[in-house]
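Asks: Structural data only, the sequence is not supplied:
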């Protein structure tokens, strides 16, 4: 183990994959692991695990994030929206549409990258608290133009951008843990004991290199506008993991999983239950993104897959879920596909 700094956070794996590693636990997805994941395909059926990118709709889940907006690109002849294409020397019949998009990287179905959440930490051992991210990387700030104003912006392109996961390509075995089937749609904060009960009851096995997906039913409720006319109400419903449970965090570490995904916003219970003294407001994010190099998937649409797996007494599948190769981004939309 070689560290970038003198010390690392308790319970972290900083340096285990080298001092300059920016991939985290995805290093555990080896060719043999991918081959074992492919052997989970029995029926040849595929399930898209993505919501439409305009859901949840508005900014009620997170006030700083908004749905994507499509615009036509502009040419000297005007907007490229159903535009008759003019070509010198011929009577062209082509009609052209060409788009651009304003896209929030953490809206709808997405990955949280390793530069998404950092912590204040004294890695030098000199009582000098500084903002750090996974594996001890520090992200400097500069001023960039955003519209008509200069705003601070972290230079994520230097370290821990989502392009590292995109370059790797995320394809491995997925394991679904069906919280909705076990706890219903009421609010259940799932600690270690409750999780182990589900794992035993549903005969779930998690191995090194797996991505674990938690089905709560939240994403399906987003698409059900008839029974949920006020979508804000569902924020207080459905299961979420208890990020304050140290035994649960220890299980995440010891299981060997490389990523967590859920169909709710945040994966963990938010706000986290209170804790005395100074601590992270998002303890599961801290443990996964900051300490362990485990990326997080949020707002995945898992209900159709969960129904199929339960009907067929299965919980494992081939999962393909690459992020967009957007250099420097702290997260990315993804269109995960489960093949069963």
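Replies: Right, received. Where do you want to start? Note that this is a predicted model, so its numbers are computed, not measured.

Asks: Kindly state the beta-bridge partners for residue 338.
Replies: On the basis of DSSP bridges, residue 338 takes part in beta bridges with residue 47, residue 319.

Asks: ok, it - how many residues close by?
Replies: Here the count is done by other Cβ atoms under 10 Å, and residue 338 has 27 residues near it. From N, CA and C alone the C-beta is placed, and that goes for glycine too.

Asks: Over to residue 302?
Replies: Around residue 302 there are 30 residues (other Cβ under 10 Å).

Asks: Test my guess that it contacts residue 211.
Replies: No: when contacts are counted by Cβ atoms under 8 Å, residue 302 is not listed as touching residue 211 (12.0 Å).

Asks: Just checking, which helix or strand of the protein averages the lowest pLDDT?
Replies: Lowest mean confidence among the helices and strands of the chain (mean pLDDT, DSSP states H and E): strand 141-146, at a mean of 43.

Asks: my guess is residue 340 meets residue 309, correct?
Replies: Yes: checked against Cβ under 8 Å, the pair residue 340 and residue 309 is within contact range at 7.1 Å.

Asks: Give me the more crowded residue out of these two.
Replies: Neighbours per residue, other Cβ under 10 Å: of residue 340 and residue 309, the larger number sits with residue 309, 24 against 19.

Asks: how would you label that one: helix, strand or coil?
Replies: In three-state terms, and counting by DSSP: H, G, I helix; E, B strand; the rest coil, residue 309 is helix.

Asks: now the strands for the stretch 201-340 of the chain?
Replies: If you assign secondary structure with DSSP state E, counting those that start in this stretch, the strands in the stretch 201-340 of the chain sit at 211-215, 240-241, 259-262, 295-298, 316-320, 331-333, 337-339.

Asks: any common contacting residues for residue 340 and residue 309?
Replies: Contact with both residue 340 and residue 309 is made by residues residue 317, according to Cβ atoms under 8 Å, 6 or more residues apart in numbering.

Asks: Tell me how far the residue sitting furthest away from the middle of the chain lies from residue 268.
Replies: Of all residues in the chain, residue 89 sits farthest from the chain's C-alpha centroid, using Cα atoms, centre = their mean; the distance is 50.7 Å. Between residue 89 and residue 268 the distance, using Cβ to Cβ, to the nearest Å, works out to 62 Å.
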